[in-house]
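**Student:** for reference, the sequence and a predicted model appear below.
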Amino acid sequence: MRKTFIAGNWKMNMLPSEAAAFIGDLAAKTGDFKYGKVMVAPPFTSLPAAAAVIKGTGILLGAQNMSDEESGAHTGEVSPLMLKDLGVDAVILGHSERRLIYGENDAFINRKVKLALKHGFEVILCVGETLEERESGKVETVVEEQLAGGLSGIAEESLASITIAYEPVWAIGTGKTATPEDADSVHAFIRKIIEKLFSSSAAAEIVIQYGGSVKPENSAELMAKENIDGALVGGASLKVDSFYGIINFAKA
Ligand code: PGA
């Protein structure tokens, strides 16, 4: 049985004080978490304040990125050791904003995935096509390449710590969601690729989130689909009520 996993990606939003208040309010609503897995990923500077209040709430603490190196001369980077020391549980890697704005490629992302696993983090590996790629019929090629590249050299046992987030780039922050049918068919394709790269049991067990304009109003129909196990939520994770609306659905 795959466990529902709802993660909030706060991107470059939320001051330390806002992050701490948000977590307090969310924990008060959700009690001892009967809702599957829930995570929030504050920006780096808000992680210490978030870490101080998140313990014991059942909410996982995520980071939005991580260096591919442990230490040294890497100006502006944040090491897995630093995240570990703060109590971070999981890292989001390969987000399309990292790929498209900051030029991260699959080999670079793969190094981060391996390093994150080495340090005991859970990983959310994001994949997804741009509008241009979708319109030129390349969805499957792009998604397969990103999966094969990002997961290259990863042992099958490590998949228990990896969630795949399918996030079509054209649906992120645009208010345009993939239809539940379209999303489900790409999720089914992702399982096929996981089967090809690993095994049929790995394909059946891997948790696949959908991301791209998920909100309380559309989360139920998305998550009712067989291959959609959760959501990676940007904009709608910035308000306790709307994030809770999505999490609360996952209870069902
Ligand atoms: P969005 O972002 O929910 O604001 O579309 C999703 C994401 O980028 O993870």
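**Tutor:** Ah, there it is.

**Student:** which outside residues touch the helix or strand where Asp85 lies?
**Tutor:** Secondary structure from DSSP states H and E places Asp85 in helix 80-86. For helix 80-86, contacts defined as Cβ atoms under 8 Å, 6 or more residues apart in numbering pick out 47-48, 51, 61, 63, 66-67, 70-71, 91, 115-116, 118-121. Any C-beta I mention is one placed from the backbone N, CA and C, and that applies to glycine too.

**Student:** just the element for His74, please.
**Tutor:** Counting by DSSP H and E, His74 is found in no helix or strand.

**Student:** buried set for the helix holding Asp85?
**Tutor:** Pro80, Met82, Leu83, Leu86 (16 or more other Cβ atoms under 10 Å).

**Student:** and which of those residues is nearest Ala20?
**Tutor:** Leu86 (13.6 Å; Cβ to Cβ).

**Student:** hmm, back to that, of the contacts of helix 80-86 - the most surrounded one?
**Tutor:** When neighbours are taken as other Cβ atoms under 10 Å, the top entry among these is Ala116 (28 neighbours).

**Student:** dump the helix or strand encompassing it to PDB, keeping only the CA atoms.
**Tutor:** Assigning secondary structure by DSSP H and E places Ala116 in helix 106-118. Extracted as PDB, the C-alpha positions of helix 106-118 are listed here (Å, rounded to 0.1, in the frame of the first residue of the first chain):
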ATOM      1  CA  ASP A 106      20.400  15.300 -14.800                       C
ATOM      2  CA  ALA A 107      24.000  14.400 -14.000                       C
ATOM      3  CA  PHE A 108      24.300  17.200 -11.400                       C
ATOM      4  CA  ILE A 109      21.000  16.300  -9.900                       C
ATOM      5  CA  ASN A 110      22.000  12.600  -9.800                       C
ATOM      6  CA  ARG A 111      25.100  13.500  -7.700                       C
ATOM      7  CA  LYS A 112      22.800  15.300  -5.300                       C
ATOM      8  CA  VAL A 113      20.400  12.400  -5.100                       C
ATOM      9  CA  LYS A 114      23.300  10.100  -4.200                       C
ATOM     10  CA  LEU A 115      24.700  12.400  -1.700                       C
ATOM     11  CA  ALA A 116      21.300  13.000  -0.100                       C
ATOM     12  CA  LEU A 117      20.800   9.200   0.200                       C
ATOM     13  CA  LYS A 118      24.200   8.800   1.700                       C
END
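
**Student:** next helix or strand past that helix?
**Tutor:** According to DSSP H and E, the helix or strand after helix 106-118 is strand 122-127.

**Student:** other SSEs contacting that following strand?
**Tutor:** strand 90-93, helix 106-118, helix 139-150, strand 162-166 (3 or more Cβ pairs under 8 Å, 6 or more residues apart in numbering; DSSP states H and E).
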